[in-house]
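S.K.: Need coordinates for the below:
(one chain, ligands or ions: 1)
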Amino acid sequence: MTGTNTTPAAAQDTDDPAADAGSLLNMLAGAATVQILHAVVDLNIADHLADGARTAKDVAWREGSDERATFRLMRAAASLGVLSYEGSGGFALTGQGRMLRSGVPGSLRSMVLIQAGQSHWQPWGLFPDAVRQGRSQAKEALGVDVFDFYARPENAERARLFSEAMGDMAAMVTRGVLAEADTRGLSTVLDVGGADGHLVLALMEADPALRGQVLDLPHAVQGAVREAERRGLADRFSGVAGDFFVDVPAADLYLLKTVLHDWDDERCVTILRNCRSATRAGGRALVVEMIVGEIGKPDFATISDMAMLCVTGGIERDLDEFDSLFEATGWRRGRTYPVGGGYHGLELEAV
Ligand SMILES: C[S@@+](CC[C@H](N)C(=O)[O-])C[C@H]1O[C@@H](n2cnc3c(N)ncnc32)[C@H](O)[C@@H]1O
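M.R.: Okay, the predicted model is just below:
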């Protein structure tokens, strides 16, 4: 394998088979890269290096891991730019490595553990079948759909990590949403499939008149209640354990952040209809999602779309596809704006 090269393949098109093979091998190294990050996080290397450089021997002693394998891992991580080599066997964190520490704002530690761990990685192993069949391979790989997998008591820690990862990702868009969304005159906001509730809680912090709720599956909703307590917002907040395919409580504003992308069109229609039936004409929703752009341009949304196909059975959509869903369910799209991290806010009004 050659070193990581992030230049889009089309930009390096050549008639040189060796160069083409080299750039394909770089793409293939993506799988190894994911698992290198996985091991760096799983062995808590970023946390061990938080106060300064350490040798692989020291890290291996702290983790009880194999010394030589730990050195080889740290060397590979330094090759990727996640660690830097400081000489005399010492490795330190780079800016990217610092984002893998636990408990720091915007940490991607939980996201790595989710993306590289069983719930996502095993379905990826069956990805060609997802394309042949046009559906998620979670059932084949895990025995159940991915959200049912998280709901199993034996996967409670993985479910907690998933919600934590969602919260960390929410941090990327919170400032953008707060700058654009107008909650004046609203009394209740419902975060639909809100996980730990970071988005609705941020809106409540910004607007002391607002009452907030998170609707999520029974295993997930307690995380939101705990987060509301931690932020001192429990008196204006409640968690609703439920199923958004069955029933959605009434609210003035529905937040749907990275929920529609988990589902096919039919399931999205049910979620959006349930929100629409529970609100009045003029009621609002804010969808936060990536929007697929022009075909043929580098576009992370199209890569995420493959993960959705494979793992949850969902879809990343372009604006026309979103509008078809909104029109079919009694919503009209208004202001649409970037909110950070490649995500957009799509404001909806109930018609
Ligand atoms: C991709 S996560 C998004 C979480 C959150 N909105 C965010 O972006 O940070 C999808 C969420 O939908 C929840 N969910 C899945 N199926 C659900 C259902 N049938 N009813 C309610 N929530 C559900 C999951 O538990 C999870 O918290």
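
S.K.: need the longest strand for the chain.
M.R.: strand 331-340 (DSSP state E).

S.K.: Give the next helix or strand downstream of that strand.
M.R.: Once the chain leaves strand 331-340, the next helix or strand it forms, by DSSP states H and E, is strand 343-350.

S.K.: Parallel or antiparallel, which strands does that following strand pair with?
M.R.: Strand 343-350 sits in its sheet next to strand 284-289 (antiparallel), strand 331-340 (antiparallel), going by DSSP bridges.

S.K.: what about the helices in the stretch 1-150 of the chain?
M.R.: Remark: helices assigned in the stretch 1-150 of the chain by DSSP state H, counting those that start in this stretch are 17-42, 45-48, 56-63, 67-80, 95-98, 109-116, 118-124, 127-133, 138-142, 146-151.

S.K.: Export those helices as TSV, with columns for distance to the ligand.
M.R.: Backbone N, C-alpha and C define where each C-beta goes, glycine included. Listed next are the helices of the stretch 1-150 of the chain as TSV, based on distance: least, C-beta to the nearest ligand atom, whole Å:
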stretch	distance to the ligand
helix 17-42	19
helix 45-48	22
helix 56-63	30
helix 67-80	27
helix 95-98	22
helix 109-116	10
helix 118-124	12
helix 127-133	18
helix 138-142	12
helix 146-151	4
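
S.K.: and those helices as CSV, adding mean neighbour count and mean pLDDT?
M.R.: What follows is those, written out as CSV (neighbours: other C-beta atoms under 10 Å; pLDDT from 0 to 100):
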stretch, mean neighbour count, mean pLDDT
helix 17-42, 15, 95
helix 45-48, 22, 98
helix 56-63, 17, 98
helix 67-80, 17, 98
helix 95-98, 16, 97
helix 109-116, 21, 97
helix 118-124, 19, 95
helix 127-133, 14, 98
helix 138-142, 19, 97
helix 146-151, 19, 97
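
S.K.: for G239, helix, strand, or coil?
M.R.: The three-state assignment at G239 reads strand, by DSSP: H, G, I helix; E, B strand; the rest coil.

S.K.: residue contacts, it?
M.R.: G239 makes contact with G197, Q213, V214, D216, V221, Q222, A224, V225, A228, according to C-beta atoms under 8 Å, 6 or more residues apart in numbering.

S.K.: Let me see the backbone angles for the residue in the stretch 101-250 of the chain positioned nearest to the ligand.
M.R.: Here the stretch 101-250 of the chain gets closest to the ligand at one residue, G193, 2.9 Å apart by C-beta to the nearest ligand atom. Note on G193: backbone dihedrals following degrees, to the nearest 10 are phi 60, psi 50.

S.K.: Which residue is the nearest non-sequential neighbour of it?
M.R.: Leaving out its chain neighbours, the residue that sits closest to G193 by C-beta to C-beta, 6 or more residues apart in numbering is V259, at 4.1 Å.

S.K.: Pretty sure the one you found sits against V192.
M.R.: Yes: applying C-beta atoms under 8 Å, one finds V259 in contact with V192, separated by 6.0 Å.

S.K.: Quickly list what's touching both of these two.
M.R.: Going by C-beta under 8 Å, 6+ apart, residues that sit against V259 and also against V192 are F244, I271.

S.K.: Domain boundaries for this protein, per the record?
M.R.: Residue ranges for the domains of the chain, per automatic domain parsing: 9-101, 156-350.

S.K.: what about the longest one, how long is it end to end?
M.R.: Taking C-alpha to C-alpha, to the nearest Å, the first and last residues of domain 156-350 lie 36 Å apart.

S.K.: tell me the average confidence for that domain?
M.R.: What domain 156-350 shows for mean pLDDT is 97.

S.K.: what about that domain, distance to the chain center?
M.R.: In terms of C-alpha atoms, centre = their mean, to the nearest Å, the centre of domain 156-350 is found 12 Å from the chain centre.

S.K.: Return the residues of the stretch 151-300 of the chain in contact with the ligand.
M.R.: Taking C-beta under 6 Å from any ligand atom as the test, the list of the stretch 151-300 of the chain residues beside the ligand reads 166, 170, 193-195, 215-217, 220, 243-245, 257-259, 262.

S.K.: Show me which pair in those is furthest apart.
M.R.: Pairwise distances among those were taken by C-beta to C-beta; the largest, 22.6 Å, belongs to A170 and F245.
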